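J.: have a look at this prediction, sequence included:
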Amino acid sequence: MLSLITIFSQQKPSGANKMRPETTFQDLRNADGNTGNAEENKSLYWHPTVYKLENGIYRKADIYFASAYYIWVTGEATAFPDGFKMVAGFQGVDEARATFECVGCADPSDDGCVYSFFPEEECEELEVSMAFPTCWDGVNIDSEDHMSHVAYDTEGGNFAGECPAGFDTKIPEIQLFFRIVPYTGGTHIFADGTNFFHADYFSGWDSAFLQDVLDNCENDSDAAMPDAWCEDHLTFRDAPKIFGADSNIVSKLEPLQPETFDTTTITDEVINDTSTLPRVSCTGTLKPPAEPPEEPTTEPPTEGDSCQNSDLRFKIVKDDGKKINRDCSWVQNNPNRCRFDGVDTMCPVTCNTFCEDCIDGELRFKFEKNGRKITRDCKWVANKNTASRCAITGISDSCRQTCGLCS
């Protein structure tokens with residue numbers, strides 16, 4: 001059975017809002033923002049910036065949005081281990097299958113609009129894509145060149161193809177796309193001075209969670225098309241998932257975006273509207289990381305009445321499988337709604353349950369932090385900075401045990 005996950009993102013770099021050379025896997029897992037549409041995916045995807053050269057000036061091209069497609073045979077792929085990294089596409093290797101497709105070009109004949117480099121002609125949209133290797137040595141999560149621990153299959157870049165000797169572990173194929181809309185033609189080039197589409201991947205998945213998806217999601221899709229999502233296994237921030245034009249995809253992504261990544265936290269190098277192509281090799285000076293802001297020192301709630309309904313909205317799965325966000329006032333309007341999984345742990349007063357046991361709410365809830373609405377659960381509260389997180393409005397009544405409300 002073939003399977004596909006479609007992940008969309010609007011910013012570059014795409015993924016969790018954590019990126020510095022020293023960024024760790026745990027940094028990704030703890031990231032409180034994500035440019036992508038799947039809550040569980042905290043991975044980073046990166047490719048060199050695209051520039052247009054015009055009148056001697058290099059100007060960054062705006063990326064419309066990016067998408068990553070995971071393709072595998074159900075039950076036959078191994079999840080990326082925690083902290084897994086790889087780079088692919090250097091020197092234009094054939095197996096990467098890098099293409100530059102001009103949508104709406106002047107020559108609509110077969111392959112008349114498909115190139116292996118940035119075309120000179122203009123068109124409605126330039127769609128650039130490439131594929132990562134699907135074979136792993138099964139041991140190393142990285143290598144000195146970020147490539148030697150992985151390999152393409154022996155069939156020229158087929159996600160279900162046989163793996164070469166020494167790389168016997170099959171991993172999901174990632175096909176990475178980005179789009180420029182409109183594409184104005186002329187001279188375009190990557191920041192490394194080439195037309196080769198290469199990209200970096202840093203897995204931010206919880207490997208056990210991803211393995212469960214790889215073993216159990218089945219949807220009969222094997223093409224890089226937004227027609228399958230494994231939505232029964234993943235939490236999509238832009239749900240419900242529907243077929244639609246790219247403009248609809250972008251309109252749903254825009255409200256989900258964190259603050260635009262600030263490159264000045266890494267380097268003061270001029271990277272736009274410059275007469276010199278920004279650094280081709282890493283010879284610049286890396287700025288030290290900024291000191292993280294201090295967490296609020298508000299005292300955690302004191303022990304007292306442990307039996308309180310949560311004031312926050314939480315994610316419910318209805319009988320028909322539909323996911324909705326509601327609060328305890330909605331439950332109170334019809335106490336029969338306590339039957340939905342986890343609702344009684346969020347609304348113990350309304351549902352007349354768990355008052356004596358004093359347990360944490362089991363559902364993911366939405367709250368406001370630093371002016372932004374984010375979704376988390378009580379495991380996140382317990383993971384670190386528990387006192388300050390419990391002090392956030394609504395958290396303590398949602399995570400009664402973790403926040404010390406149990407007498």
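T.: The structure has been received and is ready for your questions.
J.: check contacts around residue 287.
T.: 264, 265, 266, 267, 268 (CB atoms under 8 Å, 6 or more residues apart in numbering). Heads up, the C-betas are built off the backbone N, CA and C, glycines and all.
J.: and what of residue 206?
T.: 29, 40, 82.
J.: can you tell me the helix or strand for the second one?
T.: With the criterion set as DSSP states H and E, no secondary-structure element contains residue 40; it sits in neither a helix nor a strand.
J.: residues in contact with it?
T.: Listed by CB under 8 Å, 6+ apart, the contact set of residue 40 reads 205, 206, 209, 234, 235.
J.: and those residues, which are buried?
T.: With neighbours counted by 16 or more other CB atoms under 10 Å, those contain buried members at 205, 206, 234.
J.: pick the one among these closest to residue 69.
T.: Comparing the buried ones among the contacts of residue 40 against residue 69 with CB to CB places residue 234 closest, at 13.5 Å.
J.: right, and residue 160 touches residue 73 too?
T.: Yes - the pair residue 160 and residue 73 passes the contact test of CB atoms under 8 Å, sitting 5.4 Å apart.
J.: against residue 277, how distant is residue 270?
T.: Here residue 270 is placed at a distance of 11 Å from residue 277 (CB to CB, to the nearest Å).
J.: nearest to residue 388 among the buried ones among the contacts of residue 40?
T.: residue 206 (23.8 Å).
J.: report the buried residues of the helix or strand containing residue 69.
T.: For residue 69, the host element (DSSP H and E) is strand 66-73. With burial defined by 16+ other CB under 10 Å, the residues of strand 66-73 counted as buried are 66, 67, 68, 69, 70, 71, 72.
J.: swap in stretch 85-102?
T.: Of the residues in stretch 85-102, those buried under the neighbour-count criterion (16+ other CB under 10 Å) are 85-90, 93, 95-102.
J.: residue 355: which of those residues is nearest?
T.: Where the buried residues of stretch 85-102 are concerned, and distances follow CB to CB, residue 355 has its nearest neighbour in residue 85, at 47.5 Å.
J.: ok, and the closest non-adjacent residue to that closest one?
T.: The spatially closest residue to residue 85, leaving aside those adjacent along the chain, is residue 142, at 4.5 Å (CB to CB, 6 or more residues apart in numbering).
J.: the one you found contacts residue 82, doesn't it?
T.: No - no contact is recorded between residue 142 and residue 82 when judged using CB under 8 Å, the distance being 11.7 Å.
J.: residue 106 - nearest residue in space that isn't next to it in sequence?
T.: The spatial neighbour of residue 106 that comes closest, neighbours along the chain excluded (CB to CB, 6+ apart), is residue 121 at 6.5 Å.
J.: residues near the one you found, how many?
T.: 15 (other CB atoms under 10 Å).
J.: which residues does it contact?
T.: 102, 105, 106, 185.
J.: quick check, nearest of those residues to residue 241?
T.: Out of the contacts of residue 121, the one with the shortest distance to residue 241 is residue 102. That distance is 28.1 Å, counting by CB to CB.
J.: beta-bridge partners for the closest one, please?
T.: Counting by DSSP bridges, residue 102 is bridged to residue 126.
J.: helices and strands around the helix or strand residue 249 falls within, which ones?
T.: Of the helices and strands defined by DSSP H and E, residue 249 is found in helix 246-253. Using 3 or more CB pairs under 8 Å, 6 or more residues apart in numbering; DSSP states H and E as the contact criterion, the elements in contact with helix 246-253 are strand 2-9.
J.: on that earlier part again, compare neighbour counts for residue 270 and residue 277 and give me the winner.
T.: Between residue 270 and residue 277, residue 277 has the larger neighbour count (other CB under 10 Å), namely 16 against 11.
J.: buried stuff in the top helix by length along the chain?
T.: The helix spanning the most residues in the chain, taking DSSP state H as the definition, is helix 207-216. Burial within helix 207-216, assessed by neighbour count using 16+ other CB under 10 Å, is assigned to 207, 210, 211, 213, 214, 215.
J.: pLDDT at the closest residue to the fifth one other than its chain neighbours, what is it?
T.: Meaning residue 214. Using CB to CB, 6+ apart and skipping residues adjacent in sequence, the residue nearest residue 214 is residue 77, 4.7 Å away. The pLDDT attached to residue 77 in the predicted structure is 94.
J.: and residue 77, how close does it get to residue 403?
T.: From residue 77 over to residue 403 (counting by CB to CB), the distance is 39 Å.
J.: format the contacts of residue 206 as a markdown table; extra columns: pLDDT and distance to residue 259.
T.: Below are the contacts of residue 206 laid out as a markdown table (pLDDT from 0 to 100; distance: CB to CB, whole Å):
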| residue | pLDDT | distance to residue 259 |
| --- | --- | --- |
| 29 | 88 | 20 |
| 40 | 89 | 22 |
| 82 | 94 | 27 |
